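1. This is a predicted model, with the sequence first.
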Protein chains: 2
Amino acid sequence: MEKIRAVLFGVGAIGSSIAKFLLEKEGVEIVGAIDIATDKIGKDLGEVLGIGKQLGVVISNDPKAVLCKACADIVVHTTSSYLKDVYSQIAPLAEYGVNVVSTCEELAYPYVSEPEFARKLDALGMKYGVTFLGTGINPGFLMDTLVIALTGVCQKVNRIKAERVMNAATRRVPFQKKIGAGLSVKEFDKRIKNKAVTGHVGLEQSLGMIAGALKWQLDKIGVDLPQPVIAMKNVASEAIRVKQGQVAGLKQCAHGSVGGEERITLDFQAYIGAKEEYDSVSIDGVPPVCQKISPCVHGDLATIAAIVNSIPKVINAPPGLVTMKDLPVPSAALEDMRKYV
Amino acid sequence: MEKIRAVLFGVGAIGSSIAKFLLEKEGVEIVGAIDIATDKIGKDLGEVLGIGKQLGVVISNDPKAVLCKACADIVVHTTSSYLKDVYSQIAPLAEYGVNVVSTCEELAYPYVSEPEFARKLDALGMKYGVTFLGTGINPGFLMDTLVIALTGVCQKVNRIKAERVMNAATRRVPFQKKIGAGLSVKEFDKRIKNKAVTGHVGLEQSLGMIAGALKWQLDKIGVDLPQPVIAMKNVASEAIRVKQGQVAGLKQCAHGSVGGEERITLDFQAYIGAKEEYDSVSIDGVPPVCQKISPCVHGDLATIAAIVNSIPKVINAPPGLVTMKDLPVPSAALEDMRKYV
C-alpha cells in the first residue's frame, strides 16, 4: 500500500507542529503545503519548519495548484477558528477527492452555529465521496467526545458538568495574550466589547455535540461572555507579569437547558497562576460518574495528536460531514499509519 | 417507526435488571424471554421479575420457538462469561435475522482467546446481515474502550496502566463469594487450583482490545492467577465477616509486552474493606494522561446501562462481529430508543 499523502493547509504554529510530527511517522508523507503568509510562500517547507533540511515541498498560496498535482488522501487544515472564514478554503477541496481534517473549532460540531455551512459541506462530501471532520483537544475531545463516552455507562443522566482549568503560564505566549493576562480589568472589558478578547471558541460546539449524541432537545444554549479572573496576588509566567488586581486570564461558561432546567454546564478557565490544572467530568446520573484528568491534558500537544490520530479514521469514514461522536472511539495511530486504514 | 423488539436470553440477576430497565424505557418492548431455569420456564416474565403485573411474555427454554414468532431486532444475552458455553446459544440466532448484544466477557474481544469462534460468528453475521457485540462495564468500557479513547489525544504512548479497585462490601453477595471473601488463604488457594475461584474474566479481552486498537503486536499476554488480598484487620460486609489474616477478596493483573517490554498493565482489585474505590488510567506518553474515576463506576448498574445503550449502536452497525472499539463513541440512550436508530 502506498503511503498516505497529506497536504498541509496552514503552516502556522499548530500546522508546523503537525508537520514535524508527520515527518517522524511512518506510512505518511507530506506532499503539499499551503499558506498565505508572504514570508512563507515559495519557500521549502523544511526551511520554514527550521528542521535544517529541504523537503522538496514548496509552500504555495494556490490551493488548486497544490491539490491538482498532489493526489492527496487528506488535507490537514489549520487556519482559523471560525467556519465563516474557513468554509471558502475547505469547500473547494472536495472536488479534488481529498478528505479534510481541520482544527477549525466551529467545524467540530457546526450544526448549531452554522447549520447552512454544515449542510453544504455534508452535501459536497457526499457528492465527491470525501469526508470533513473538525477536531482537536477542545472542542473535539475533553468537553464533548469524552463526556459522551462516559454517559455510555449511565442508565440515567440528570446533569452533566465538564470543567477545564489551565495554568496559562505553561502555554504559548500568544495564548497567554489571547486570554488577556496582564491587562487591567478596564482594558479587558474594553477588549471583550470590541471582540479583541474572544474567549474560548468551541463551548457552543461541545455543548451541541453532547446534546446531539444524547438526543436532548435543548431549549437554549447560552455561552457567557468571558469573565476576567483577577489575580489575588502577583503572579507571572516567563513572558507576562500580572500584578495583584490585574487580569490573570479568563473564565467562560456555557449552559444547555432542557425544559427550562440547566442540564449541561461547561466551565472553561485559563489563567496564569491556576493552582491545580485539571479536566473533569461530573455526571449526576445512575450510576454517577466523577472523572478527573490531572494535570489537565496539554492543549497543543493533544490537538496535534487528535488531528493526526484522526487521519486514518477520516479516510475510513463514510463520505459527508462527520463529527467525533459519529466516528469509532478515538485511538492513537502510533505505528505505520497505513495499518489503521 | 415501530418499537424496537427485544428478546431476553437469560433472566438471571443481570438479565432481570436489564428487563426492568427496558420496561421503563420508551420505544422498546420485550417480545420474548428465554431461560433454562426450571422454576422460571412457563411463567410470565412479570411474575419472575416480581413487578406485580403480567407482561404477556412467557419464559421459554426453546430459543427457536421464541425467535420464530418474536420478529425481534435484538437479543439481549446474559448467560455466561465464556464463549465456549455461549457460542452454541448465540450462533443459531443469526438465521432469525436478529442482532445480539451480550454480557459474555469473552465476546467483548474474542480474537485472542477464541479466534475460531470469533471467525465463525463474524461469518454468520455477514451471511445473515446481523451484528454480534459483547460489552459491559469491564470488559467493554473501563479497561479497554475508555483507555483506547484516552490514547486518542497522545502523540506517543510508552506504557499504559489501568486499575480498578472495588470495595466488594458494596456489591452483590454472590460477587463477594465469587472473589473468595471470608475464606482462609489455604481454602482460597485450593479454590484457585480447582477453579472454583476464577478471578475476573475479561482482562485478556481488554488487553487484546487495547493492543488491537493501537495495532501493537503483543509478544505475550500474561494473565496472572488471582492473588488473595489478606485482611490486615477485621472487616465485614452486611453478609460476610472477614477476620484479620483471612481473605478479603482478590487482586489480579494482566500484562501485555512488546519486544519483551511490558507496555500494558491491567490491575483488578476487589475486596471487602478497600479504602478507596476508583478506576484509573495512566498513560505514560506525549502528552501524559492521568485519569481517575472516583469512586469506581458501579459494576452492575453500569453493565446494565452499557448493554442497553449499545442496543441502537448494534442495530446501526454493519453486519458481523464487532467490538466496542469499532463502534461509534459510546453514549447514553436516554430518550425514546427509536431516536438513536
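-> Ah, there it is.

2. residues touching A:G260, list them.
-> A:G260 makes contacts with A:D219, as judged by Cβ atoms under 8 Å, 6 or more residues apart in numbering or on different chains. From N, CA and C alone the C-beta is placed, and that goes for glycine too.

3. The most centrally placed residue in chain A: helix or strand, and which one exactly?
-> The residue lying closest to the centre of chain A (Cα atoms, centre = their mean) is A:G136, at 3.4 Å. Here A:G136, judged by DSSP states H and E, is contained in no helix and no strand.

4. so it makes contact with A:A305?
-> No: A:G136 lies out of contact with A:A305 (Cβ atoms under 8 Å); the separation is 9.6 Å.

5. pLDDT below threshold where in the stretch 1-150 of chain A?
-> In the prediction, the stretch 1-150 of chain A carries no residues with pLDDT under 70.

6. so where do the strands sit in it?
-> Using DSSP state E, counting those that start in this stretch, the strands of the stretch 1-150 of chain A run over residues A:4-9, A:28-34, A:59-60, A:74-77, A:99-102, A:131-134.

7. Go through those strands and name the closest to B:M1.
-> Of all these, strand A:131-134 sits nearest to B:M1, with 27.6 Å by Cβ to Cβ.

8. which residues touch the nearest residue to A:E262 once chain neighbours are set aside?
-> Sequence neighbours aside, A:H255 is the residue nearest to A:E262 in space, at 5.3 Å (criterion: Cβ to Cβ, 6 or more residues apart in numbering or on different chains). Applying Cβ under 8 Å, 6+ apart, we find A:H255 in contact with A:L207, A:K220, A:I221, A:G222, A:V223, A:D224, A:E262, A:I264, A:T265, A:L266.

9. Narrow the residues you listed to just the buried residues.
-> Taking 16 or more other Cβ atoms under 10 Å in any protein chain shown as the criterion, what is buried in these is A:L207, A:I221, A:V223, A:I264, A:T265, A:L266.

10. export the one helix or strand A:F188 maps to as CSV, just CAs?
-> According to DSSP H and E, A:F188 maps onto helix A:185-193. Output of helix A:185-193 as CSV, limited to C-alpha atoms (Å, rounded to 0.1, in the frame of the first residue of the first chain):
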residue,chain,number,x,y,z
VAL,A,185,-9.9,44.9,34.2
LYS,A,186,-11.0,48.0,32.3
GLU,A,187,-8.8,47.1,29.4
PHE,A,188,-10.1,43.5,29.5
ASP,A,189,-13.7,44.7,29.4
LYS,A,190,-12.9,47.0,26.5
ARG,A,191,-11.3,44.2,24.6
ILE,A,192,-14.3,41.9,25.3
LYS,A,193,-16.6,44.6,23.9
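
11. Now it: average pLDDT?
-> On average, the pLDDT along helix A:185-193 is 95.

12. what helices or strands is that helix leaning on?
-> strand A:227-230, strand A:247-258 (3 or more Cβ pairs under 8 Å, 6 or more residues apart in numbering or on different chains; DSSP states H and E).

13. Just name the most buried of those.
-> Highest mean neighbour count of the helices and strands packed on helix A:185-193: strand A:247-258, a mean of 22 (counted as mean count of other Cβ atoms under 10 Å in any protein chain shown).

14. Name the strands paired with the helix or strand that that one is followed by and say parallel or antiparallel.
-> Using DSSP H and E, the next helix or strand after strand A:247-258 towards the C-terminus is strand A:261-271. As defined by DSSP bridges, the strand partners of strand A:261-271 come to strand A:156-167 (parallel), strand A:247-258 (antiparallel).

15. chain center to strand A:261-271, what's the gap?
-> Distance of strand A:261-271 from the chain centroid (Cα atoms, centre = their mean, to the nearest Å) equals 17 Å.

16. what's in contact with whatever helix or strand comes next after it?
-> For strand A:261-271, the following helix or strand on the C-terminal side (DSSP H and E) is strand A:278-286. Contact with strand A:278-286 is made by A:142, A:146-147, A:150-151, A:154-165, A:288-297, B:301, B:305, B:332, as judged by Cβ under 8 Å, 6+ apart.

17. And those residues, which of them are buried?
-> A:142, A:146-147, A:150-151, A:154-157, A:160-165, A:288-293, A:295-297, B:301, B:305, B:332.

18. Now mean pLDDT too, for the strands paired with strand A:261-271, in a markdown table please.
-> Shown next, in a markdown table, are these (pLDDT from 0 to 100):
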| stretch | mean pLDDT |
| --- | --- |
| strand A:156-167 | 98 |
| strand A:247-258 | 97 |
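
19. do you know which of those lies nearest A:Y87?
-> That would be strand A:247-258 among these, by Cβ to Cβ, at 23.1 Å.

20. Can you dump the C-alpha atoms of that closest one in CSV for me?
-> What follows is strand A:247-258 as a C-alpha-only set of coordinates in CSV (Å, rounded to 0.1, in the frame of the first residue of the first chain):
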residue,chain,number,x,y,z
VAL,A,247,-6.3,40.2,34.9
ALA,A,248,-4.6,36.8,35.2
GLY,A,249,-6.8,35.2,32.4
LEU,A,250,-10.4,34.3,31.9
LYS,A,251,-13.2,32.1,32.8
GLN,A,252,-16.1,31.2,30.5
CYS,A,253,-19.1,29.1,30.9
ALA,A,254,-21.7,27.6,28.6
HIS,A,255,-25.1,26.3,29.6
GLY,A,256,-27.6,24.0,28.0
SER,A,257,-31.1,23.7,29.3
VAL,A,258,-34.0,21.4,28.6
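
21. got the residue ranges for the helices in the stretch 51-200 of chain A?
-> With DSSP state H, counting those that start in this stretch, the ranges of helices along the stretch 51-200 of chain A come out as A:63-70, A:83-90, A:115-128, A:145-151, A:173-178, A:185-193.

22. Deepest in the core, which of those is it.
-> Most buried among the helices of the stretch 51-200 of chain A, given mean count of other Cβ under 10 Å as the contact rule, is helix A:145-151, at a mean of 27.

23. one step back: and the residue nearest to the centre of chain A, how far from B:I283?
-> 18 Å (Cβ to Cβ, to the nearest Å).

24. quick one, phi psi at A:K40?
-> Main-chain dihedrals, A:K40, degrees, to the nearest 10: phi -110, psi -30.

25. Contact partners for it?
-> A:K40 sits next to A:V11, A:V48, A:I59 when contact means Cβ under 8 Å, 6+ apart.
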